[in-house]
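Asks: any chance you can model this:
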Amino acid sequence: MLGKKFFVNHLFLRVLIISAFACCLPFFICFSETKSISFEEGERVIIFAPHPDDEIIGCAGIIQECLSKKIDVYVVFLTNGDHNQFAFKAYTRRIILNPSDYIKMGQVRKKESTSAAKILGLPLENLIFLGYPDAGTLPIWTKYWNSKQPFENFLTRTRYVPYPDDVSFGNAYLPENIQADLTKILLKIMPSKIFVSHPADLNPDHRALFNFVQLSLLDCRGKINPEVYCYLVHAKNFPKPKGLFPQQTIKIPSEIEKYGTCVNFFLTETQEKNKLVALDCFKSQLIGRKNWTFSFLRKNEVFQIIHPVLFVRNNSSEISIDAQSQEEISEEESLKHTKLYNLRLTYDQQDLVFQFLYDKKVIEKEFGVKIYVYGWKEKIPFSLMPKIAVDIKMDGTFTVYKNEKNISVKDISIKKTQNTFTFKIPYSLLDEPDFIFVGGESKLGLLTLDYFPWKVIDIE
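Replies: Numbers count the residues shown, from 1 in each chain. Below is the predicted model of the structure:
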C-alpha cells in the first residue's frame, strides 16, 4: 500500500513539474469572472452518467467535495457501456467477440466504476446502474415511443436489460421505461443539485441522457426544483491541450459557450490525486485514448447551466440552434457534402415556423435532414403527446411523421430557397404543448453528418 501511495505521489509530482512549463500558454478564460459551484449542508446530489467513466471524467472533484461535506451523492449510470468495439477487442486481444462477450465487457466497465468509486470514498450502494443499451439510447428517444417492439442492441443482441444486478434488469429497451426509472430516482432522492451530460456532446448517448433527465424533471415539476449543471466530455478539439496537464484549466469550447452560463469547480491537490488514480481504473477504455482521458485531470471541472428557453407565441420571438458536426467522417471528407449551419424557430399566427440554413455542395440522393419536434403537456403522459418528425430531401420533397406514422403533408407547408428550407407546423398539430423538445440531424445514408443539439423550449 505504501509503495502504491509513493508511486502516485511521485507520478503526480512529476506531472506538476512538467506541466509547469505549460503555464506560459495563454489562459483561455478569465476564471475570476466565472461562477464557482459550492455546496451547503443538507444537500443531496445526483450525477447522471451515460457510461461508466463519465462520472469520473466530468465530476470526480464534485463527488469528493460532496463526500467531504457529508452530502449524500449518488451516481446513476444510463448504460453499462457495452458497445465500444475497438476498446473491447484491444482489451481482450481478440478480433472476434460474440454477444455474450459484449455483455461481459459491460460488467467489466461496471466493475471499473466500482473501483473508481472506492478510490473516491463513494459508498457502493450509491451507485445505480440501469443497464440500457450503449449507443442505443438516442434511437430509443427518437423512434421507439409507444413501440410494440423494443430497440435491439446490435452487439449484445438483446432487447432487455441483461444485467441481473442492475436495478432495471429485465426492462425492455423502451423510452417509457427509461423515463419511469429516472423519474422514480428523482422523486426518491429529491436532489438539490443534478449533474448531467451536455446536449451538444458528440456522443449520442450523452445527448439522449440530457433529454431523458429534462423530461423527468418536467414530470417532477412542483415536487423538486434542483439546480442542473451540464458537463461536456466529447467535443471537437476538447480538452485543450491534450495530455496530462493538471496545472492547467479546462474550458468549454467557444462554439458551445453560448448554450449556457459556465461555472467551475476547482479541485484541491488531494482531489486531483484521487481523480488521477480513479481515471486509471478504466483499463478497458484507456487503450488508444489514455492521453485524451487524462486530459480531464485539470485544476477545475467545468459545467454549464442550461435552462429551458422561453418562447412567447408572437411575431417577435426567435430561437436559434447552431449545427454541430458529428465527426463520423473526416473533416476533409465532410467538406465535400452538404453542410447544415443553423435552425431558427419563429412564430406566425398559429404556426411554429422552422427554417434551417444549409450549403449545398453536390446533388446527393441519399442526403436528408430530419427535424424533430416533441410536445410535453402537464397531466398528459409524454408517450401520448404528438411527436412530429419532418424528413426533408434536397430536391424539396419531404415526409411528415407523427408518432412514427406517415401523415398527410397538407397540414405542413414548406418553402425552399437556394440555401434555406422553411416549414410551418400548426401549434394545434402538437396538441398545444407547454414545452417542446427540438432537435435534428443531417444524414448521408446511415452516416450522421451534422446535428442540431436538442433544446427544451418553454412555450407561452
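
Asks: the helix or strand encompassing Asp450 pairs with which strands, and in what direction?
Replies: Element membership for Asp450, per DSSP states H and E: strand 447-459. Note on strand 447-459: by DSSP bridges, its sheet partners are strand 309-311 (parallel), strand 324-325 (antiparallel), strand 435-444 (antiparallel).

Asks: what's the closest of the ones you listed to Asn225?
Replies: Asn225 sits nearest to strand 435-444 of all the strands paired with strand 447-459, at 15.4 Å, using CB to CB. From N, CA and C alone the C-beta is placed, and that goes for glycine too.

Asks: so the residue lying closest to Glu255 once chain neighbours are set aside bridges to which residues?
Replies: Nearest non-adjacent residue to Glu255, counting by CB to CB, 6 or more residues apart in numbering: Asp322, 7.2 Å away. Beta bridges link Asp322 to Asn342, judged by DSSP bridges.

Asks: mind starting the numbering at 28 from now?
Replies: With the count now opening at 28, the last piece we talked about shows up as Asp349.

Asks: how close does Asp349 sit to Gly467?
Replies: Note on Asp349: its distance to Gly467, by CB to CB, to the nearest Å, is 12 Å.

Asks: swap in Leu124?
Replies: 34 Å.

Asks: more neighbours, the two?
Replies: The neighbour count for Leu124 versus Gly467, taken as other CB atoms under 10 Å, is higher for Gly467 (23 against 15).

Asks: show me the contacts for the more buried one.
Replies: Going by CB atoms under 8 Å, 6 or more residues apart in numbering, Gly467 touches Ile348, Leu367, Leu370, Phe383, Val396, Lys397, Ile398, Tyr399, Tyr478, Phe479.

Asks: and with 6 Å instead?
Replies: For Gly467, the contacting residues are Ile398, Phe479, by CB atoms under 6 Å, 6 or more residues apart in numbering.

Asks: ok, what's across the strand from it?
Replies: Bridge pairing for Gly467 - DSSP bridges - gives Ile398, Phe479.

Asks: please parse the chain into its domains.
Replies: If you go by automatic domain parsing, the domain ranges for the chain are 40-332, 336-486.

Asks: out of the ones you listed, which one sits most buried?
Replies: Scoring the domains of the chain by mean neighbour count under mean count of other CB atoms under 10 Å gives domain 40-332 as the most buried, with a mean of 19.

Asks: and that one, what's its mean pLDDT?
Replies: For domain 40-332, mean pLDDT rounds to 93.

Asks: before we move on, what about stretch 355-368?
Replies: 81.

Asks: chain center to that stretch: distance?
Replies: With CA atoms, centre = their mean, to the nearest Å as the basis, stretch 355-368 stands 22 Å off its chain's centre.

Asks: ok, the residue nearest to Asp378 when sequence neighbours are not counted - contacts?
Replies: Spatial nearest neighbour of Asp378, excluding adjacent residues (CB to CB, 6+ apart): Lys451 at 4.0 Å. Shown in contact with Lys451 (CB under 6 Å, 6+ apart): Asp378, Val380, Ser440.

Asks: my guess is the second one contacts Arg371. True?
Replies: Pointing back at Val380 there. No - using CB atoms under 6 Å, Val380 is not in contact with Arg371, being 8.2 Å away.

Asks: just the CA trace of stretch 173-183, in CSV.
Replies: The C-alpha trace of stretch 173-183 is given here as CSV (Å, rounded to 0.1, in the frame of the first residue of the first chain):
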residue,chain,number,x,y,z
ASN,A,173,-45.3,3.7,-28.0
SER,A,174,-43.4,1.0,-29.9
LYS,A,175,-44.6,-2.6,-29.6
GLN,A,176,-41.1,-3.8,-30.4
PRO,A,177,-38.2,-2.7,-28.1
PHE,A,178,-34.9,-1.5,-29.5
GLU,A,179,-32.3,-4.2,-30.2
ASN,A,180,-28.7,-3.7,-29.2
PHE,A,181,-26.6,-4.6,-32.3
LEU,A,182,-23.7,-6.1,-30.4
THR,A,183,-25.3,-7.8,-27.4
